[in-house]
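>>> sequence and predicted model, in that order:
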Amino acid sequence: MAKDDGGPARKIADKDQMRAAIGRRDAATYEPVKPAQQLGFVHNNVDCIGCRACEMACKDKNGLPPGPRFRRVMYIEGGEYPEVFAYKVNMSCNHCAEPACLPVCPTGAIWKRADNGVVDIDSTLCIACRRCEAACPYGAPQWDPKEKIVKKCNLCIDELEAGRKPYCVMACMMRVLDIGPIDKLRAGTHPTTAIGPRDKVVERVKDMANPQLTHPSIVFVAHSKGKVE
């Protein structure tokens, strides 16, 4: 009897050990893709007027219902009269060097492209576990309540492959949102209207998750009140 009682218990323990071993293996063997070129975003927080044309262009292009937003324009205001301030921070998927969403996806629906570093998604493989949504520190994966799956920005990969820029960039009337090789954007050597001749770019603004978590491919021309000291 004791042997029969112990059998199932041992079997369950073995399964737990197996899951733990698989978890350790996956954590140890996952190696971030190092693309030939990493594309990224630049946004000028100072000159952005908050018109949200980029948001609307993105939703229209991707056919998103009310609720999910791949690109988000955030308004930041503060101070006391007469020392008041306001600026905008514009963000979507940051196509991170080490995306947190990728290794947690159990179906492989999320992957990083080797040619341009775009973190892409095949939503037809999504099983709605929403692990990616919980893992991302920047809120990039978006739940589509209509289709009951997760979707996200893929840098308008079809436009890139056609030699054009993403819809959000093309819709920006102030030309303060742009893309380019992230290493050149960080160095200030990529020609773009988003960075003025005297502007210095930063990799982090206030209230943004620590870039060391995933190494996001984005830089900002930060407002003086939005700089991280």
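Thanks, I have it.

>>> need phi/psi at the residue nearest in space to the middle of the chain.
Centrality entry for the chain: nearest residue to the mean C-alpha point is Cys93, 2.3 Å, by CA atoms, centre = their mean. Per-residue torsions, Cys93: phi -70, psi 140 (degrees, to the nearest 10).

>>> any low-confidence regions in the chain?
1-15, 17-29 (pLDDT under 70).

>>> switch to 90 and redo it
For the chain, applying pLDDT under 90 flags the ranges 1-33, 106-108, 123-124, 229.

>>> and the strands in it, which stretches?
Ranges of strands within the chain are 39-44, 72-80, 83-91, 110-112, 119-121, 142-144, 149-151, 177-181, 218-221, based on DSSP state E.

>>> tell me the strands beside the fourth one, with direction?
Neighbouring strands of strand 110-112 in its sheet, by DSSP bridges, are strand 119-121 (antiparallel).

>>> show me what the strand it pairs with is in contact with.
93, 95-96, 99, 101-102, 109-113, 141, 150-152, 154, 157 (CB atoms under 8 Å, 6 or more residues apart in numbering). Any C-beta I mention is one placed from the backbone N, CA and C, and that applies to glycine too.

>>> if you set the cut-off to 6 Å instead, what comes out?
Outside strand 119-121, the residues within contact range by CB atoms under 6 Å, 6 or more residues apart in numbering are His95, Pro99, Ala109, Ile110, Trp111, Lys112, Arg113, Lys152, Asn154.

>>> now do stretch 91-111
Counting by CB under 6 Å, 6+ apart, 30, 32, 70-72, 117-122, 125-127, 131-132, 135-136, 138, 140-141, 152-153, 214-218 sit against stretch 91-111.

>>> and Val169, what does it touch?
Contacts of Val169 (CB under 6 Å, 6+ apart): Leu177, Asp178, Ile179.
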